[in-house]
Structures are given as C-alpha cells and as structure tokens.
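Peer 1: only the shape, not the letters, is given here:
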C-alpha cells in the first residue's frame with residue numbers, strides 16, 4: 001500500500017510540475033509573441049480611427065447644379081394656360097426634375113421678370129411673366145436665383161416690386177435685385193452640409209433702360225469698383241462664393257474678350273464660381289486658376305427657334321471644403337444637355353417641355369447625336385474635362 005501511495009504521489013507531483021511548466025511556457029509565448037502583435041494591432045487601430053476622424057473633420061461636401069435662362073415667351077406662357085385662366089408650368093419640367101433634385105443647390109437665371117398677371121403678361125421686347133413660373137421652378141428643385149439681367153427693368157418698378165415681394169416669401173436665395181440700398185448691401189449667407197455660401201449677381205446690359213435715380217438698388221449693373229467692394233465684404237464670411245454674370249454676345253458659341261476680362265477679374269478676387277448667361281446658347285467652361293468659369297449655359301427654357309437656342313446645359317459639380325485649410329475644391333464636373341421641345345408631335349400644337357438629350361428621339365430632334373457631340377466639344381474646348389452624361 002505504501003508503494004502504491006508513493007506512485008500516486010509521484011504522479012501528482014509530475015502533473016503539478018508539467019502544469020507549471022506549461023503555464024510558464026504560455027506566459028513566455030504571450031510575452032514574446034502575442035504582446036508585440038497586440039501592440040501593433042493597437043497602433044494600427046488607433047491610426048485607422050485617427051484617419052477616419054481626420055476625414056470626417058477635414059472635409060465637407062455639397063452638390064451644385066447650374067442652368068441658364070428661363071425666358072418665357074408668349075408661346076411658352078400660352079401653352080401653360082389652363083381652362084380657368086391660370087397657368088401651370090410644372091409639366092414642362094417633369095423629365096428634368098429628377099436630375100435637378102439630385103443636388104443640394106440648384107441655380108438658374110430668371111430672365112423674364114415675375115411681375116404677375118395683374119400687370120398684363122408680355123414677351124419680347126419687354127417681358128413680364130406670371131408668378132406660377134417661379135412656382136414651377138421651385139417645384140423642380142431650384143433654390144438659387146439670379147434676378148440681374150437685361151430684362152429686369154422691362155416693366156418698370158411695379159414689376160420689380162411685385163417680383164421681390166414674390167421671392168421674399170420663398171425658401172430661395174435670390175441676388176441682383178433689391179428693395180433698398182440696405183437690402184442690397186446686406187449680402188445673405190447660407191449654410192448647407194457645413195459649407196457656408198453666398199451668391200452675387202450682376203448684368204453688363206440693360207437694353208438701353210436706366211435704373212431710377214436714387215433707386216439703383218433695383219438692379220445690380222456690373223461695375224468693377226462695386227463688385228470689388230461687394231466681394232471684399234463677403235469673401236471672408238463664406239466658404240463658397242458664386243457670382244452670376246449676365247454678359248457676352250447673344251447667339252455666339254464662343255466667349256467674348258469682355259467675358260474673359262470679367263471672368264479673370266473675378267478670379268483675381270478669389271471668386272470660386274462664375275456662372276454665365278445671356279448669349280442664349282452654350283459656350284465653353286474653363287478654369288481660371290482655381291475659379292470655375294461657365295461663360296454661358298444657354299437657355300434653360302424659352303420660346304426661341306434654332307437648335308442652338310433650344311439647347312442648354314445643366315452643369316453639375318461636387319464642392320469640397322477642407323476645414324483644416326478652409327479651401328474649396330471641385331470634383332466630378334459633369335453635364336446633362338437638355339432640349340426644349342416646342343410642339344406636340346401628334347397635335348402639332350405648341351407644347352413646351354424640357355427633355356434630356358439622352359431621352360431625345362430622331363423625330364423630336366433629327367441628328368440628335370451630332371448635336372450632342374457639337375455641344376460637348378464646345379463645353380470642353382477650353383480643357384474643362386467635363387463628363388458629358
């Protein structure tokens with residue numbers, strides 16, 4: 001029995017010694033191998049977390065789309081007239097509305113003033129449009145509007161005041177026409193997705209009409225000193241500064257020397273985007289330094305006649321803000337060409353609607369692909385490298 005007890009004692013002692021050695025081996029293994037690996041993983045995790053925090057903290061982004069002139073000729077407002085005498089323009093934008101609403105911000109130039117039906121609607125050469133035009137544009141998704149162009153003064157101060165009263169009750173940022181000098185000098189700042197922005201608007205042409213004396217605030221006419229003053233006031237208050245310019249030669253597919261000079265001047269004042277309109281046709285897009293310049297976006301909608309005048313472009317871009325440097329950059333510059341169909345193919349009656357070029361048929365626009373290539377070449381002729389969708 002004593003012999004058996006000794007054997008059991010030796011076995012137990014062996015188990016204890018083996019277990020101790022195994023435990024020691026595990027400790028050594030964890031110290032020599034596992035601990036450095038865990039530290040490396042910890043450092044990697046910290047680095048990845050820091051990178052995510054930097055990406056989150058350093059950049060903000062918004063998307064912006066810009067189109068040209070909303071010019072409501074008689075044929076256009078007549079085609080929008082309903083049986084009860086009211087006007088509904090929303091069906092005209094059904095096919096482009098989904099594109100516009102992809103964006104955070106959407107700009108257009110209200111070429112024909114919204115003076116309302118009470119003043120009597122009119123077209124060329126002195127335009128006046130119903131408020132329902134604005135309703136349809138807002139419904140389509142527009143929230144940036146230029147009111148400075150060569151038709152702002154067409155129907156006098158009554159139309160301007162009606163227009164301003166209409167727009168002041170809308171969730172839209174307008175620029176270029178004001179109700180007082182105080183209103184004019186109080187440049188509004190908005191914020192979207194952590195990016196502050198402002199819009200200035202000017203015209204170089206008034207069709208020979210003059211602003212009322214001591215009421216020059218009704219229309220921003222381009223003047224280098226005033227522009228410099230405005231930009232100096234607002235530049236440090238916003239991340240993104242856009243300037244709408246009504247300039248250039250009508251129906252010219254290339255920019256003028258005056259347009260180039262003005263764009264270069266605005267770029268020298270650190271404007272981020274110059275949005276051009278007035279020629280009623282598409283002109284090139286370019287960069288001057290870090291400034292994105294669109295010389296002319298053509299008509300958005302109008303009652304004009306030629307393919308060049310019925311074709312316009314929607315330029316989209318992503319605006320990126322680096323909060324460490326407070327700098328603005330652009331990416332994913334793209335374009336959707338659009339065409340204004342003027343007649344119903346079946347009834348042959350005037351029936352206006354905007355159609356993306358990708359949705360056009362040969363019946364609507366013969367040689368549509370050749371036209372698309374033509375405008376794509378114009379847009380990229382100065383090396384903007386726009387993705388034509």
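Peer 2: On my side now, so go ahead. Source: prediction; values computed, not measured. Numbers count the residues shown, from 1 in each chain.
Peer 1: so where's the chain shaky on pLDDT?
Peer 2: Scanning the chain for pLDDT under 70 picks out 1-57.
Peer 1: go again using 50 as the cut-off
Peer 2: Low-confidence segments of the chain (pLDDT under 50): 1-5, 7, 9, 12-13, 22, 24-56.
Peer 1: quick one, helices of it?
Peer 2: Using DSSP state H, the helices of the chain run over 2-29, 35-58, 74-79, 97-100, 131-140, 156-168, 181-185, 224-234, 257-268, 307-310, 368-379.
Peer 1: give me the contact list for the third one.
Peer 2: Meaning helix 74-79. 87, 121-123, 129-130, 133, 301-303, 342, 349-352 (C-beta atoms under 8 Å, 6 or more residues apart in numbering). The way it works is simple: take the backbone N, C-alpha and C, and place the C-beta from them, glycine included.
Peer 1: those, buried ones only, as a PyMOL selection?
Peer 2: Buried residues within the contacts of helix 74-79, by 16 or more other C-beta atoms under 10 Å, are selected in PyMOL with:
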select buried, resi 87+121+122+123+129+130+133+301+302+303+342+351+352
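Peer 1: quick one: which of the contacts of helix 74-79 is nearest residue 263?
Peer 2: Ranked by distance to residue 263 (C-beta to C-beta), the contacts of helix 74-79 are led by residue 302 at 24.0 Å.
Peer 1: surely that closest one touches residue 67?
Peer 2: No. If you go by C-beta atoms under 8 Å, residue 302 and residue 67 don't touch, sitting 11.8 Å apart.
Peer 1: now the longest strand along the chain: how far from the chain's centre is it?
Peer 2: Longest strand of the chain, by residue count under DSSP state E: strand 327-343. Its chain's C-alpha centre and that of strand 327-343 lie 9 Å apart, by C-alpha atoms, centre = their mean, to the nearest Å.
Peer 1: and stretch 59-69, by the same measure?
Peer 2: 2 Å.
Peer 1: what's the burial count for the closest residue in space to residue 123 that isn't next to it in sequence?
Peer 2: Of all residues not flanking residue 123 in the chain, residue 74 sits nearest, at 4.1 Å (C-beta to C-beta, 6 or more residues apart in numbering). For residue 74, the number of neighbouring residues by other C-beta atoms under 10 Å comes to 14.
Peer 1: ok, now residue 88?
Peer 2: 13.
Peer 1: what's the end-to-end length of stretch 382-389?
Peer 2: One end of stretch 382-389 to the other measures 18 Å (C-alpha to C-alpha, to the nearest Å).
Peer 1: distance-wise, check residue 325 relative to residue 239.
Peer 2: Using C-beta to C-beta, to the nearest Å, residue 325 is found at 11 Å from residue 239.
Peer 1: comparing those two, which residue is more hemmed in?
Peer 2: residue 239 (21 against 9).
Peer 1: OK, contacts around that one?
Peer 2: Neighbours of residue 239 in contact, by C-beta under 8 Å, 6+ apart: 195-197, 321, 326, 328.
Peer 1: now for those, which pair is the farthest apart?
Peer 2: 197 and 326 (13.4 Å).
Peer 1: these two: which is more packed in?
Peer 2: Neighbour comparison, residue 197 and residue 326: the larger count goes to residue 197, with 25 against 9 (by other C-beta under 10 Å).
Peer 1: show me what that one bridges to in the sheet.
Peer 2: Beta-bridge pairing of residue 197 under DSSP bridges involves residue 190, residue 240.
Peer 1: before we move on, what about residue 282?
Peer 2: Beta-bridge partners for residue 282, by DSSP bridges, are residue 297.
Peer 1: quick check: it vs residue 332, distance?
Peer 2: On the measure of C-beta to C-beta, residue 282 and residue 332 end up 20 Å apart.
Peer 1: neighbour-wise, which of these two wins?
Peer 2: Neighbours per residue, other C-beta under 10 Å: of residue 282 and residue 332, the larger number sits with residue 282, 26 against 10.
Peer 1: so what's the more buried one up against?
Peer 2: Residues near residue 282 by C-beta under 8 Å, 6+ apart: 253, 296-298, 308, 311-313, 375, 378-379.
Peer 1: if we can go back for a sec, could I get the contacts of residue 239 as TSV with distance to residue 171?
Peer 2: Formatted as TSV, those follow (distance: C-beta to C-beta, whole Å):
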residue	distance to residue 171
195	18
196	17
197	15
321	23
326	27
328	24
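Peer 1: quick one: contacts for the most centrally placed residue in the chain?
Peer 2: For the chain, the residue nearest the mean C-alpha position is residue 64 (2.2 Å; C-alpha atoms, centre = their mean). Residues near residue 64 by C-beta under 8 Å, 6+ apart: 103-107, 273, 316-319.
Peer 1: what do you get for residue 377?
Peer 2: Counting by C-beta under 8 Å, 6+ apart, residue 377 touches no other residue.
Peer 1: look up how far residue 359 lies from it.
Peer 2: 21 Å.
Peer 1: residue 80 too?
Peer 2: With C-beta to C-beta as the criterion, residue 80 and residue 359 are 21 Å apart.
Peer 1: more crowded one of the two?
Peer 2: residue 80 (22 against 13).
Peer 1: distance of that one relative to residue 132?
Peer 2: In terms of C-beta to C-beta, residue 80 sits 7 Å off from residue 132.
Peer 1: which residues are in contact with each of the two?
Peer 2: Overlap of the contact sets of residue 80 and residue 132 (by C-beta under 8 Å, 6+ apart) consists of 87-89.
Peer 1: narrow these to those in strands?
Peer 2: Going by DSSP E, the strands hold none of these.
Peer 1: and those residues, which is closest to residue 158?
Peer 2: For the shared contacts of residue 80 and residue 132, the closest approach to residue 158 (C-beta to C-beta) belongs to residue 87, at 19.5 Å.
Peer 1: residue contacts, that closest one?
Peer 2: Contact partners of residue 87, counting by C-beta under 8 Å, 6+ apart, are 77, 80-81, 117, 130, 132-133.
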